[in-house]
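> show me how the following folds:
(one chain, ligands or ions: 2)
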Amino acid sequence: MTKKKKDKSDEELILNWKTAAELMVERQSIQKIPTNTPVDELMEGGIEQGDVTEFYGEFGVGKSQLAFSLTVYISGKLGGDVVFIDCEDTFKPERIRQMTVACGYKVEEVLSRIHIMSPLTVEELSASIDKIPENVTPKLLIIDGVTTLFRAEYIGRETLTERQGLLRQFLVKLKRWAKNTKTPVVVTNQVYGNPSDVAFLPLEFRELAVGGHTLYHVIDTRIFVRKGSEGKRIAKLIDSSRYPPAERTFKITEKGVEPV
Ligand code: ADP
Ligand code: MG
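Ligands and ions are numbered 1, 2, ... in the order given. Presented below is the predicted three-dimensional model:
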């Protein structure tokens, strides 16, 4: 028996029309969550509830350290729960403890407010958004290495279209979750290699040029992180529709990240 193809009008597609006035009222309840990192200066005070922000850059530039800093500040200073989805298995509680002590926050409180999930597959990653423990209402959700599992499972050029499709699907789901729960989300994304056909582009645009652009409707704000001289790091706001272009220099210390 062949399956009857569903008519488009049968499908349960809920379109959420509203007036600009309604949207304005809705947005009045949306807060900015400060992070106590250079990100606050780039994003006029912090990360908006329901927004997805991406830190991207090469290996070792400090994307995870930035993510840990946000985690420690939000759990230690603001007293919020943080969900940390660690796709690269680089989350170390010892480093969190070091930052917490250096910042003068309470170690036990911080450690007990961070809820970690280390998915091994794309399926586990996707399910982890649906299955956040019921007693946890995160003030921030982080996905460290958001594309890592997709890249690991879908190898080679011929799988690129499928991979980008699935990644996009996942990001749409993540965005919907962020909006519905009014939670700020931060994802980190590692930029690999420099394909020669886009080598003329500035580093921050090369990844976009190799197919990444299909994803970025879902990301509200992108911050490119790169190394500067003498161990310094530079965070640069890329192509934002709402914030003016800017970059900030920071360094990685015991405390986490600090402005230079
Ligand atoms: P990635 O962008 O790949 O996630 P990381 O966030 O892991 O990079 O950053 C790695 C960098 O952080 C390294 O250069 C390392 O020297 C620095 N770093 C890690 N821990 C500390 C620390 N306790 N004090 C100072 N710098 C640190
Ligand atoms: Mg990392």
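> may I have the helix or strand Asn180 falls within as PDB, with CA atoms only?
Assigned by DSSP states H and E, Asn180 belongs to helix 160-181. The C-alpha trace of helix 160-181 is given here as PDB (Å, rounded to 0.1, in the frame of the first residue of the first chain):
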ATOM      1  CA  LEU A 160      27.600  18.200   2.800                       C
ATOM      2  CA  THR A 161      24.000  19.000   1.600                       C
ATOM      3  CA  GLU A 162      22.500  16.500   4.000                       C
ATOM      4  CA  ARG A 163      24.700  17.700   6.900                       C
ATOM      5  CA  GLN A 164      23.900  21.300   6.400                       C
ATOM      6  CA  GLY A 165      20.200  20.400   6.200                       C
ATOM      7  CA  LEU A 166      20.300  18.500   9.500                       C
ATOM      8  CA  LEU A 167      22.300  21.200  11.100                       C
ATOM      9  CA  ARG A 168      19.800  23.800  10.000                       C
ATOM     10  CA  GLN A 169      16.900  21.700  11.300                       C
ATOM     11  CA  PHE A 170      18.600  21.400  14.600                       C
ATOM     12  CA  LEU A 171      19.300  25.200  14.800                       C
ATOM     13  CA  VAL A 172      15.700  26.000  14.000                       C
ATOM     14  CA  LYS A 173      14.600  23.700  16.800                       C
ATOM     15  CA  LEU A 174      17.100  25.300  19.100                       C
ATOM     16  CA  LYS A 175      15.900  28.800  18.100                       C
ATOM     17  CA  ARG A 176      12.300  27.900  18.700                       C
ATOM     18  CA  TRP A 177      13.200  26.500  22.200                       C
ATOM     19  CA  ALA A 178      15.100  29.700  23.000                       C
ATOM     20  CA  LYS A 179      12.200  31.900  22.000                       C
ATOM     21  CA  ASN A 180       9.500  29.800  23.700                       C
ATOM     22  CA  THR A 181      11.500  29.500  27.000                       C
END
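> how about residues contacting that helix?
The contact list for helix 160-181, computed with Cβ atoms under 8 Å, 6 or more residues apart in numbering, reads 50-52, 122, 125-126, 129, 141, 143, 146-147, 150-151, 153-154, 183-185, 187, 211, 214-215, 218-219. Every residue, glycine included, has its C-beta placed from N, CA and C.
> cool, and stretch 131-141?
Against stretch 131-141 from outside (Cβ under 8 Å, 6+ apart): 33, 47, 70-71, 74, 78, 80-83, 85, 115, 178, 183-186.
> and the helix holding Asn180, which residues are buried?
Neighbour-count burial for helix 160-181 flags Arg163, Gln164, Leu166, Leu167, Phe170, Leu171, Leu174, Lys175, Trp177, Ala178, Lys179 (criterion: 16 or more other Cβ atoms under 10 Å).
> so what sits opposite the residue in the stretch 151-260 of the chain positioned nearest to ligand 1 in the bridge?
Among the residues of the stretch 151-260 of the chain, Ile252 lies closest to ligand 1, at 3.9 Å counting by Cβ to the nearest ligand atom. In this entry, Ile252 is beta-bridged to Val257, by DSSP bridges.
> which members of the contacts of helix 160-181 are classed as buried?
When the contacts of helix 160-181 are checked against 16+ other Cβ under 10 Å, the ones flagged as buried are 50-52, 122, 125-126, 129, 141, 143, 146-147, 150, 154, 183-185, 187, 215, 218-219.
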